[in-house]
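A.B. asks: Mind folding the following:
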Amino acid sequence: MSRPVTVGVDGSEGSVAAVDWAADEAALRGEGLRLVYATRWAEHQLGAMKVSHDDRAGAAEGVLAETERRVGSRQPGLALTADEVEDAPVSVLLAAAAEAELLVVGSHGLGSVRGFLIGSVGQEVIAEAARPVVLVRPGSEKDGPAPGRNAPGKVVLGLDVNEAKDELLHFAFDFAGRHAVPLEIVHTWHDSFVHHAGAAAKQERAAALADAVRPFRERFPATEVAEVSAPGRAAEHLIDAASDARLVVVGRRRAARGAHIGSVTHAVIHHAPCPVAVVPHS
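C.D. replies: Numbers count the residues shown, from 1 in each chain. Sure, this is the predicted structure:
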């Protein structure tokens, strides 16, 4: 059964960026777009302050109507649904993610250290979602194409060859193939590993990466692939590679809950300057 691309809507600048990204992605995939508004956004943002049902409903109606107009202008003819759900944002988005091809959420832009300000909602959703989550910040595609057209750039995948999960590889290859852009796959190790084990160990790591990627090269023969096997910190390599990327893809173990999304994924979602896809895997 076909799943929609789903995007969380709250009227913020980050939400608008996420809606634009999600609309273009849904159109490219030939899927529908679902807008989801959690009516208790305001209560979440204002802490203990209570908001009346009428005020919540009025806010939801206004935001969804404006968002539908924006999507209709950007991607005419796109199948679109809009749902107002009476619950807290994390609960609403997690439920929506379970029924989506992918879930798109916005951030609040870049902080002083050029990192995402994703807030508690984004962090909880990324850590718990059963489906891939794409995090989009305002301005991350400011130099991109006109609506409906592909932007330049590559897809970057961070891969641990010791845990080369099919979910991660398939998502990255599929996304790169759909967008007709190159895929760069990055595998790293600690400097001390090569220092103690020698040059042969470096060749072994490169061979292990090639072995992990080979089945997907065969499955997606039209996709241009570059394999990068290098010493150093994975997060630093990925953030550097993200400077001219369309999307960075990282993983998150399904068994990990709460804040346990992994140090590399945590660093990338906070500091990459482009959209980031977090793909849950077994």
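
A.B. asks: okay, CA-based contacts and neighbour counts for the rest of this
C.D. replies: Fine.

A.B. asks: dump the residue contacts of residue 105.
C.D. replies: 7, 8, 9, 14, 15, 18, 122, 133, 134, 135, 136 (Cα atoms under 8 Å, 6 or more residues apart in numbering).

A.B. asks: Out of those residues, list just those in strands.
C.D. replies: 7, 8, 133, 134, 135, 136 (DSSP state E).

A.B. asks: circling back: looking at the contacts of residue 105, which is nearest residue 253?
C.D. replies: residue 133 (13.2 Å; Cα to Cα).

A.B. asks: measure the closest one to residue 98 for me?
C.D. replies: 11 Å (Cα to Cα, to the nearest Å).

A.B. asks: which residues in the stretch 1-150 of the chain form strands?
C.D. replies: Along the stretch 1-150 of the chain, the stretches classed as strands by DSSP state E, counting those that start in this stretch are 5-8, 33-38, 80-85, 102-106, 133-136.

A.B. asks: out of those strands, nearest to residue 278?
C.D. replies: strand 133-136 (5.3 Å).

A.B. asks: Neighbouring strands - and their directions - for the closest one?
C.D. replies: Sheet pairing for strand 133-136, assigned by DSSP bridges, gives strand 102-106 (parallel), strand 276-281 (antiparallel).

A.B. asks: Send over the last one as CSV, restricted to the C-alpha atoms.
C.D. replies: It stands for strand 276-281. Taking C-alpha atoms only, strand 276-281 is exported to CSV below (Å, rounded to 0.1, in the frame of the first residue of the first chain):
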residue,chain,number,x,y,z
VAL,A,276,19.4,15.2,7.4
ALA,A,277,17.6,11.9,7.1
VAL,A,278,17.7,9.6,10.2
VAL,A,279,16.9,6.1,9.2
PRO,A,280,16.0,3.5,11.9
HIS,A,281,17.5,0.1,11.5
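
A.B. asks: With adjacent residues omitted, what lies nearest to residue 20?
C.D. replies: residue 71 (7.2 Å; Cα to Cα, 6 or more residues apart in numbering).

A.B. asks: Assess the claim that the one you found and residue 21 are in contact.
C.D. replies: No - using Cα atoms under 8 Å as the test, residue 71 is too far from residue 21 to be in contact (10.2 Å).

A.B. asks: Those two: who's more crowded?
C.D. replies: residue 21 (24 against 21; other Cα atoms under 10 Å).

A.B. asks: what number of residues lie near residue 70?
C.D. replies: 16.

A.B. asks: Now do the contacts for it.
C.D. replies: Per Cα under 8 Å, 6+ apart, neighbours of residue 70: none.

A.B. asks: can you pull the pLDDT of it?
C.D. replies: On the pLDDT scale, residue 70 is placed at 97.

A.B. asks: From residue 274, how far off is it?
C.D. replies: For residue 70, the distance to residue 274 - Cα to Cα - is 22 Å.

A.B. asks: Residue 98 too?
C.D. replies: Residue 98 is 24 Å from residue 274, by Cα to Cα.

A.B. asks: What of residue 62?
C.D. replies: 29 Å.

A.B. asks: For those two, indicate the residue with more neighbours.
C.D. replies: Higher neighbour count among residue 62 and residue 274: residue 274, with 24 against 11, using other Cα under 10 Å.
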